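Asks: Predicted model and sequence follow; I will ask about them next.
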Amino acid sequence: KPEIALAEIDRAIAANVRFGCVLADAGYGLSAPFRQGLTERGLAWAVGIPRHLKVYPVDVKLIWPITKVRGKPRKHHVPDILSIAAEHMLASAKWKAVSWRSGTKGRLKARFAALRVRTADGPPQRIWDKGQQHLPGDEAWLIGEQRASGEKKYYLANLPAATDLRTLAATIKARWICEQAHQQLKEELGLDHFEGRSWKGLHRHALMTMIAYAFLQHRRLAHAGRKKKNQRTSASANHARRTSRHRRSHPSAAVSAVPTLPKTNP
């Protein structure tokens, strides 16, 4: 469990929980103890990783290595295939355009690819002639994102194996919302104004700012809901007035169209 210095509190708070999933950037996703600690606590997580982070194919197997006749017998299994970088693992994967939500300028979309892999964060072990290598760890999703600019990003997630690609993409991209909330907490509510030295004091300060943020968000959403309701009510009233005026014109038109009956002598 890596210790987090006070100077890194800003990044620690960015690892928020959304729908029961911990989201973090590559600064934390690179840390195997961080990911393993979340898993031990029964938490789902989706974290960014650098492109060179090593992973194994999901079907990797542990075998007994063949030793020389005069060599010492091996006491530990080794994987039957070496780990490779995340970007190389996804090089031949099928990339697909995915849209995860609507933005201010339309649907947000990018190209994504995902594979089930084994993370290379198991115990270190000498493997063949490659020196110390990490053995295969837990199974997880390896996800790649290719943006419109051509830039590629990589992620790991321990979400269930049945999770579809759109859900994976939406979960990963939800970190933007967390970062926006963190920025507003600092700029509008003084999250970064704490000047104490105790963890308890910092925890209370962060808690109060988050409560204030939740209250303001509730008010904002309630106001937006009332505004939409008023707009729908006004539109319905205008439509009803136009309809009533249109309907009143029908009887007179109908009367004028009917010819006058001729008068006959009894």
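Replies: Received it, and whenever you're ready, just let me know what you need.
Asks: how about low-confidence regions in the stretch 1-150 of the chain?
Replies: Applying pLDDT under 70 to the stretch 1-150 of the chain flags the ranges 1-20, 66-74, 128-131.
Asks: ranges for the strands of it?
Replies: Secondary structure of the stretch 1-150 of the chain by DSSP state E, counting those that start in this stretch: the strands cover 17-18, 21-24, 44-49, 54-57, 62-63, 78-79, 84-85, 96-103, 106-119, 124-126, 132-134, 139-146.
Asks: Tabulate these (a markdown table), appending mean neighbour count and distance to Leu202.
Replies: C-beta here means a position set from N, CA and C on the backbone, and glycine is covered the same way. What follows is those, written out as a markdown table (neighbours: other CB atoms under 10 Å; distance: least, CB to CB, whole Å):
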| stretch | mean neighbour count | distance to Leu202 |
| --- | --- | --- |
| strand 17-18 | 13 | 18 |
| strand 21-24 | 22 | 19 |
| strand 44-49 | 22 | 23 |
| strand 54-57 | 21 | 35 |
| strand 62-63 | 12 | 44 |
| strand 78-79 | 20 | 43 |
| strand 84-85 | 16 | 38 |
| strand 96-103 | 14 | 33 |
| strand 106-119 | 18 | 32 |
| strand 124-126 | 13 | 35 |
| strand 132-134 | 14 | 34 |
| strand 139-146 | 21 | 32 |
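Asks: now the ones you listed in a markdown table, with distance to Gly225?
Replies: Shown next, in a markdown table, are the strands of the stretch 1-150 of the chain (distance: least, CB to CB, whole Å):
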| stretch | distance to Gly225 |
| --- | --- |
| strand 17-18 | 21 |
| strand 21-24 | 26 |
| strand 44-49 | 30 |
| strand 54-57 | 45 |
| strand 62-63 | 56 |
| strand 78-79 | 55 |
| strand 84-85 | 48 |
| strand 96-103 | 18 |
| strand 106-119 | 23 |
| strand 124-126 | 55 |
| strand 132-134 | 51 |
| strand 139-146 | 33 |
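Asks: what's the burial count for Lys75?
Replies: Lys75 has 6 neighbours, counted by other CB atoms under 10 Å.
Asks: one step back: closest to Asn230 out of the strands of the stretch 1-150 of the chain?
Replies: Asn230 sits nearest to strand 96-103 of all these, at 22.3 Å, using CB to CB.
Asks: Need the residues that contact that closest one.
Replies: Residues from elsewhere that reach strand 96-103, judged by CB atoms under 8 Å, 6 or more residues apart in numbering: 107-113, 165-166, 169-170, 173.
Asks: and Cys178, what helix or strand is that in?
Replies: helix 175-189 (DSSP states H and E).
Asks: Send me that helix as PDB with only the CA atoms.
Replies: This file holds the C-alpha atoms of helix 175-189, laid out as PDB (Å, rounded to 0.1, in the frame of the first residue of the first chain):
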ATOM      1  CA  ARG A 175     -13.200  10.300 -15.100                       C
ATOM      2  CA  TRP A 176     -13.600  13.600 -16.900                       C
ATOM      3  CA  ILE A 177     -16.700  14.400 -14.800                       C
ATOM      4  CA  CYS A 178     -14.700  13.600 -11.600                       C
ATOM      5  CA  GLU A 179     -11.900  16.000 -12.700                       C
ATOM      6  CA  GLN A 180     -14.500  18.700 -13.400                       C
ATOM      7  CA  ALA A 181     -16.000  18.200 -10.000                       C
ATOM      8  CA  HIS A 182     -12.500  18.300  -8.400                       C
ATOM      9  CA  GLN A 183     -11.700  21.600 -10.300                       C
ATOM     10  CA  GLN A 184     -15.000  23.200  -9.200                       C
ATOM     11  CA  LEU A 185     -14.400  22.100  -5.600                       C
ATOM     12  CA  LYS A 186     -11.000  23.900  -5.600                       C
ATOM     13  CA  GLU A 187     -12.000  27.000  -7.500                       C
ATOM     14  CA  GLU A 188     -15.500  27.600  -6.100                       C
ATOM     15  CA  LEU A 189     -15.600  26.000  -2.600                       C
END
